[in-house]
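Engineer: Dropping a prediction and its sequence here:
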Amino acid sequence: MTLEKIREKIHPHLYEALYREGISELRPAQRKSIGAGLLEGKNLLVCTPTASGKTLVAELAMLNNLLNHPGKKAVYIVPLKALASEKFRQFKKKYAHLIKIALSIGDLDSDDPYLAAYDMIICTSEKFDSLIRHKAPWLSMVSVVIVDEIHLLNDPSRGPTLEILITILRDKIKNLQLIGLSATIGNPRELADWLGAELVIDSWRPVKLSKGIFIEDRIEFVKEKE
C-alpha cells in the first residue's frame, strides 16, 4: 500500500509532512493497522519486530486525530525518561510546525498545568499516573493514548502502575483510542481481549534475522527450513 492510497483518509497537512519525510510506501505493520481501523479510532495492539514501523502507526493515529479535531490531546507513554526524550526530539523535528508537543518527565508530585497548552504530551507511565492522581483538568480532552513497550505490563516494578493507568483511562475517558505497541508479547490475544483492541501481528523486519552459534571464533548459522 502506498501513502497515496490513504491520502483521502488522512489530514492534508499530515500527508504533506510524511511526504516530505520521504515516506511513500507503507510497511506491512502499517498496512495491517490501517486495515484494522487505525484511522477510524479503533483500539489496536500492534505486535511486530523492532524497526518494523510501529512508531509511524502511532504517529498516524495521533496526528490525524489532533489535526481533524482541534482542542483534543494525544499522550505517548514510554517506560523510560531517555526514551521519552528521544521521542520528543523525533516528533518535534517532524511535526512542530503542525502541533504543540510537550515532554513531561519531571516532578511526580505536580499536575504540570502548563501542559494544558499542548496538543501532544510525551511522558513516562509513572508521570502520567501522577497527572491522573492530581486530576489535571485537561485529561478530559485526551482522545488518543499510545502505550509503547506495553509488554511491560508483566514487569514486577512497572507493570502494576501501567495496568492501573490503562484501567483508569478506559473507565474515565469516553471514545478513547488506545494503541499498544510491542515487539515481544507472549500472550498477544489475551492482552488484546483485555484492551478491547484489534490485534495486529506481523513478522516483517527491515533486516533479515539470522540465528547462529559462536564457536571457536566463528559463527555457525542455523539453516532455515525449506
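Structural biologist: Thanks, I have it.

Engineer: how about the strands of the chain, start to end?
Structural biologist: Along the chain, the segments classed as strands by DSSP state E run 44-47, 73-78, 101-104, 120-124, 142-148, 177-182, 198-201, 212-215, 218-221.

Engineer: ok, and what's touching the last one?
Structural biologist: Under the criterion Cβ atoms under 8 Å, 6 or more residues apart in numbering, residues 210-213 lie in contact with strand 218-221. Bear in mind the C-beta positions are built from the backbone N, C-alpha and C, glycine included.

Engineer: ok, now the longest one?
Structural biologist: With contact meaning Cβ under 8 Å, 6+ apart, strand 142-148 is reached by 58, 61-62, 65-66, 69, 72-79, 83, 87, 125, 162, 166, 169, 173, 175-181.

Engineer: most packed of the strands of the chain?
Structural biologist: Comparing the strands of the chain by mean neighbour count (mean count of other Cβ atoms under 10 Å), strand 44-47 comes out on top with a mean of 27.

Engineer: just for the chain, where's the confidence low?
Structural biologist: Low-confidence segments of the chain (pLDDT under 70): 206, 224-226.

Engineer: Do you have the helices of it handy? List them.
Structural biologist: Per DSSP state H, the chain carries helices over the ranges 12-20, 28-35, 54-68, 81-95, 125-133, 159-172, 188-195.

Engineer: Reformat the ones you listed as JSON lines; add distance to residue 46 and mean neighbour count.
Structural biologist: Converted to JSON lines, the helices of the chain look like this (distance: least, Cβ to Cβ, whole Å; neighbours: other Cβ atoms under 10 Å):
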{"stretch": "helix 12-20", "distance to residue 46": "18", "mean neighbour count": "15"}
{"stretch": "helix 28-35", "distance to residue 46": "6", "mean neighbour count": "21"}
{"stretch": "helix 54-68", "distance to residue 46": "5", "mean neighbour count": "22"}
{"stretch": "helix 81-95", "distance to residue 46": "16", "mean neighbour count": "16"}
{"stretch": "helix 125-133", "distance to residue 46": "18", "mean neighbour count": "20"}
{"stretch": "helix 159-172", "distance to residue 46": "15", "mean neighbour count": "16"}
{"stretch": "helix 188-195", "distance to residue 46": "10", "mean neighbour count": "16"}
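
Engineer: related to what we said a few turns ago, just tell me which of the strands of the chain ends up closest to residue 20.
Structural biologist: strand 101-104 (17.3 Å; Cβ to Cβ).

Engineer: partners of the closest one in the sheet?
Structural biologist: strand 120-124 (parallel) (DSSP bridges).

Engineer: Once you drop chain neighbours, what's closest to residue 165?
Structural biologist: residue 129 (5.2 Å; Cβ to Cβ, 6 or more residues apart in numbering).

Engineer: isn't the one you found right up against residue 167?
Structural biologist: No. Between residue 129 and residue 167 there is no contact under Cβ atoms under 8 Å: 11.2 Å.

Engineer: And the contacts of stretch 97-106?
Structural biologist: With contact meaning Cβ under 8 Å, 6+ apart, stretch 97-106 is reached by 13-14, 17, 63, 66-67, 81, 84-85, 88, 91-92, 95, 112, 114-115, 117-124, 127-128, 131.

Engineer: what does stretch 4-17 give?
Structural biologist: Contacts to stretch 4-17, defined as Cβ under 8 Å, 6+ apart, come from residues 3, 24, 26, 34, 39, 60, 63-64, 67-68, 94-95, 97-98.

Engineer: Can you add distance to residue 137 and give those residues back as JSON lines?
Structural biologist: Formatted as JSON lines, the contacts of stretch 4-17 follow (distance: Cβ to Cβ, whole Å):
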{"residue": "3", "distance to residue 137": "37"}
{"residue": "24", "distance to residue 137": "41"}
{"residue": "26", "distance to residue 137": "37"}
{"residue": "34", "distance to residue 137": "33"}
{"residue": "39", "distance to residue 137": "29"}
{"residue": "60", "distance to residue 137": "28"}
{"residue": "63", "distance to residue 137": "24"}
{"residue": "64", "distance to residue 137": "25"}
{"residue": "67", "distance to residue 137": "23"}
{"residue": "68", "distance to residue 137": "23"}
{"residue": "94", "distance to residue 137": "28"}
{"residue": "95", "distance to residue 137": "24"}
{"residue": "97", "distance to residue 137": "27"}
{"residue": "98", "distance to residue 137": "24"}
